[in-house]
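Peer 1: heads up, no residue letters with this:
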């Protein structure tokens, strides 16, 4: 039995690069599709939000002279490219998938509404929600918090390159220790970079728990859904 009935899965755009320095690694994309297929077969309703950092990141563009609004719009389009790639890989793996966009761009994807997303999930489709919130100055972390709350997900699963939340960056500080669970208040008090401040506060206020785990290790998504104690749980 799956631990949760409906989830919001947040995937990192950077992780899609896999072994490459830019863009989409087809091997990593295929691994993600297979992991998602495994939990789909458990009867889980799945909504997905994916970042765009493997193609373009608005904030870093702004630091290089781009207008911030245009930079963020470019980032939104990058998430649409990743969403199309993931939905294509899912369909190839035998899973029905649908791309919804926060900005109108039919026929690339249907315009997002909460009810369209929920209806599709209840009909057994994986719904990939792209283009962030449709607004500049909001990250895909905030977009995933918003979508998770809107679709009434039981949990947000944040797939990263790291196996949970640590007292410091484990890639830089070898003495960093991992939390099995932590409250939102402690995340905010310690200034831990789980997600940006807006996203963290939205989850706290709307009581949406987050599990941060390593998505790049094949099989981990199913382990989380089966109730194994991997990653870090963030809750009120």
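Peer 2: Sure thing, it's come through. What you see is a predicted model; the values in this text were computed from it and never measured.
Peer 1: Quick check: residue 12 touching residue 160?
Peer 2: Yes. Checked against C-beta atoms under 8 Å, the pair residue 12 and residue 160 is within contact range at 5.8 Å. Yep, even glycine has a C-beta here, placed from its N, CA and C like the rest.
Peer 1: Find residues that contact each of the two.
Peer 2: Counting by C-beta atoms under 8 Å, 6 or more residues apart in numbering, the shared contacts of residue 12 and residue 160 are residue 215.
Peer 1: Skip ahead from the helix or strand bottoming out on mean pLDDT in the chain and say which helix or strand is next.
Peer 2: Scoring the helices and strands of the chain by mean pLDDT, DSSP states H and E places helix 58-62 at the bottom, with a mean of 69. For helix 58-62, the following helix or strand on the C-terminal side (DSSP states H and E) is helix 68-92.
Peer 1: That next one: which residues count as buried?
Peer 2: Applying a neighbour-count criterion of 16 or more other C-beta atoms under 10 Å, one finds 71-87, 89-90 buried in helix 68-92.
Peer 1: what helices or strands is it leaning on?
Peer 2: Under the contact definition 3 or more C-beta pairs under 8 Å, 6 or more residues apart in numbering; DSSP states H and E, helix 68-92 sits against helix 26-40, strand 45-50, helix 58-62, strand 97-101, strand 126-130.
Peer 1: tell me the mean pLDDT over that helix?
Peer 2: With pLDDT averaged residue by residue, helix 68-92 scores 96.
Peer 1: Stretch 125-141 now?
Peer 2: For stretch 125-141, the mean pLDDT works out to 96.
Peer 1: That one spans what distance, first to last residue?
Peer 2: Length of stretch 125-141, first residue to last, C-alpha to C-alpha, to the nearest Å: 23 Å.
Peer 1: Enumerate the positions of that stretch that are buried.
Peer 2: For stretch 125-141, burial by neighbour count (16+ other C-beta under 10 Å) applies to 125-134, 136, 138-141.
Peer 1: Look up how far residue 158 lies from residue 193.
Peer 2: The spacing between residue 193 and residue 158, counted by C-beta to C-beta, to the nearest Å, is 12 Å.
Peer 1: Looking at those two, which is more packed in?
Peer 2: In this view residue 193 and residue 158 are compared by other C-beta atoms under 10 Å, and residue 158 has more residues nearby, 25 against 12.
Peer 1: got the contact list for that one?
Peer 2: Contact partners of residue 158, counting by C-beta under 8 Å, 6+ apart, are 10, 144, 194-195, 210-213.
Peer 1: what bridges to it?
Peer 2: The bridge-partner assignment for residue 158, based on DSSP bridges, gives residue 10, residue 212.
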